[in-house]
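[1] what's the 3D shape of this:
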Amino acid sequence: MTGWFSFLHGEATAGDVLALARVEQVLRDAGLAYDVVWSPGFRAGGTHFADVDPAAYSRLVFVCGPVHGTQIEELHRRFAHCVRIAVGVSVVDPDSPAVTGFHRVLARDAAGRGPGLDLAARAPALPAVPVVGVVLTHGQHEYGGRRRHEEVAAVLTRWLAGRDCARLELETRLDAHDWRLCGTPAQLEAVLSRLDLVVTDRLHGLVLALRAGVPALAVDPVEGGAKVTAQARTCGWPALVPAEHLAETSAQAPAQGPLERWWDWCLADGRAEAARIGARFRAAHSVPDSVPDAADGLVAALRAASAAGAGR
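    All right, here's what the predicted structure looks like:
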């Protein structure tokens, strides 16, 4: 079984891989054995064309995507002795050697025929995975030699790449002109409130996640702790990892201990705790003294400053 996900310079899309899963399901139900060829750039540990002896196979199935180009033509030459079938594909040029080389083409769409349902639509049900917002900063140079931002970002992103989750990179920076960024706090909060977890090394990544009732796995990127640590304590939020705990580990072995431990907690007990904190923040509008902040003392400070100025 091959597809564009098989070629070194092809690409593996979610739709193509789901289409493959649909075809795998059909073959398994029919009791037919098969191997899948993967691009080494996508699945290094899979079966690659370099590992395949064409003589060991009697049939080749090409799954999904457009049927065109020299890579598919090469399949016809290399597997010339096989029965070759394309399934769920787009036929742009029916006279192309890439198309005519197949013994049978079960097209998804082609000129002169009605379109068929894409194979991905009927792929087997998928397991649920958490949706994780990632909010990182590479700034804060005011901390000088205590900055560990680059190290923290490198460890976190490498660690996150190995987690089975849907990762969504987010910015707290607002921009009214860049469509990729939120233009208002309400837009950002709408995104945050739909997440399962936020991983962040930013103070506002932590606060805005909790405000939305979403657990945050926070890392303080300043050695010795700074505003992220202070804010986590003020909020009563325990899922905090100091930069030193990440920096102590080698580049090959990220600090999976505290990260994994707080990850599991955030996705379990942390959900209820974040919801409780978020509700407490929202309730502060009607019960102001319940969650004090610096603004509570602003009017008194202004009056005192005015009185002092008048007396001079």
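[2] what segments of the stretch 201-312 of the chain are helices?
    203-211, 227-235, 243-247, 256-266, 269-283, 298-310 (DSSP state H, counting those that start in this stretch).
[3] between those, which one is closest to residue 99.
    helix 256-266 (47.7 Å; CB to CB). Every C-beta, even on glycine, is put in place using the N, C-alpha and C of the backbone.
[4] and the closest one, what other elements does it pack with?
    helix 149-161, strand 216-220, strand 240-242 (3 or more CB pairs under 8 Å, 6 or more residues apart in numbering; DSSP states H and E).
[5] mean confidence score for it?
    Averaging pLDDT along helix 256-266 gives 91.
[6] same question for stretch 38-50.
    Across stretch 38-50, pLDDT averages out at 93.
[7] how far off centre is it?
    When distances are taken as CA atoms, centre = their mean, to the nearest Å, stretch 38-50 is centred 22 Å away from the chain's centroid.
[8] out of the helices and strands in this structure, which is least certain?
    Ranking every helix and strand in the chain by mean pLDDT, DSSP states H and E puts helix 243-247 at the bottom, with a mean of 82.
[9] can you show me the helices along the stretch 51-200 of the chain?
    Remark: helices assigned in the stretch 51-200 of the chain by DSSP H, counting those that start in this stretch are 70-78, 97-100, 149-161, 185-192.
[10] please produce TSV containing the ones you listed, extended by mean pLDDT, distance to residue 114 and mean neighbour count.
    Below are these laid out as TSV (pLDDT from 0 to 100; distance: least, CB to CB, whole Å; neighbours: other CB atoms under 10 Å):
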stretch	mean pLDDT	distance to residue 114	mean neighbour count
helix 70-78	96	24	16
helix 97-100	97	18	18
helix 149-161	93	42	16
helix 185-192	97	39	15
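[11] ok, back up a step: output the helices and strands packed on helix 256-266 in a markdown table; the columns should cover distance to residue 37.
    As requested, those are arranged in a markdown table below (distance: least, CB to CB, whole Å):
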| stretch | distance to residue 37 |
| --- | --- |
| helix 149-161 | 24 |
| strand 216-220 | 37 |
| strand 240-242 | 41 |
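[12] out of the ones you listed, nearest to residue 277?
    Among the helices and strands packed on helix 256-266, the nearest to residue 277 by CB to CB is strand 216-220 (10.0 Å).
[13] dump the closest one to CSV, keeping only the CA atoms.
    Output of strand 216-220 as CSV, limited to C-alpha atoms (Å, rounded to 0.1, in the frame of the first residue of the first chain):
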residue,chain,number,x,y,z
ALA,A,216,-2.1,25.5,32.9
LEU,A,217,1.2,23.7,33.1
ALA,A,218,3.5,26.6,33.9
VAL,A,219,7.3,26.8,33.7
ASP,A,220,9.1,29.8,35.2
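[14] that one: partners in the sheet, and parallel or antiparallel?
    Applying DSSP bridges, strand 216-220 is found paired with strand 197-200 (parallel), strand 240-242 (parallel).
[15] most tightly surrounded among these?
    Comparing these by mean neighbour count (mean count of other CB atoms under 10 Å), strand 197-200 ranks first with a mean of 26.
[16] and the least confident helix or strand of the chain, how far from the chain's centre?
    The answer for helix 243-247 is 23 Å, by CA atoms, centre = their mean.
[17] what does stretch 184-194 give?
    For stretch 184-194, the distance to the chain centre is 17 Å (CA atoms, centre = their mean).
[18] what's in contact with that stretch?
    Stretch 184-194 has contacts (CB atoms under 8 Å, 6 or more residues apart in numbering) with 131, 133, 168, 170, 172, 174, 182, 198, 208-209, 211-214.
[19] of those residues, buried ones?
    Neighbour-count burial (16 or more other CB atoms under 10 Å) applied to the contacts of stretch 184-194 gives 133, 170, 172, 182, 198, 208-209, 211-214.
[20] and which of these is nearest to residue 241?
    Looking across the buried ones among the contacts of stretch 184-194 and measuring by CB to CB, the closest to residue 241 is residue 198, at 13.7 Å.
[21] ok, what's across the strand from that closest one?
    For residue 198, the beta-bridge partners are residue 133, residue 216 (DSSP bridges).
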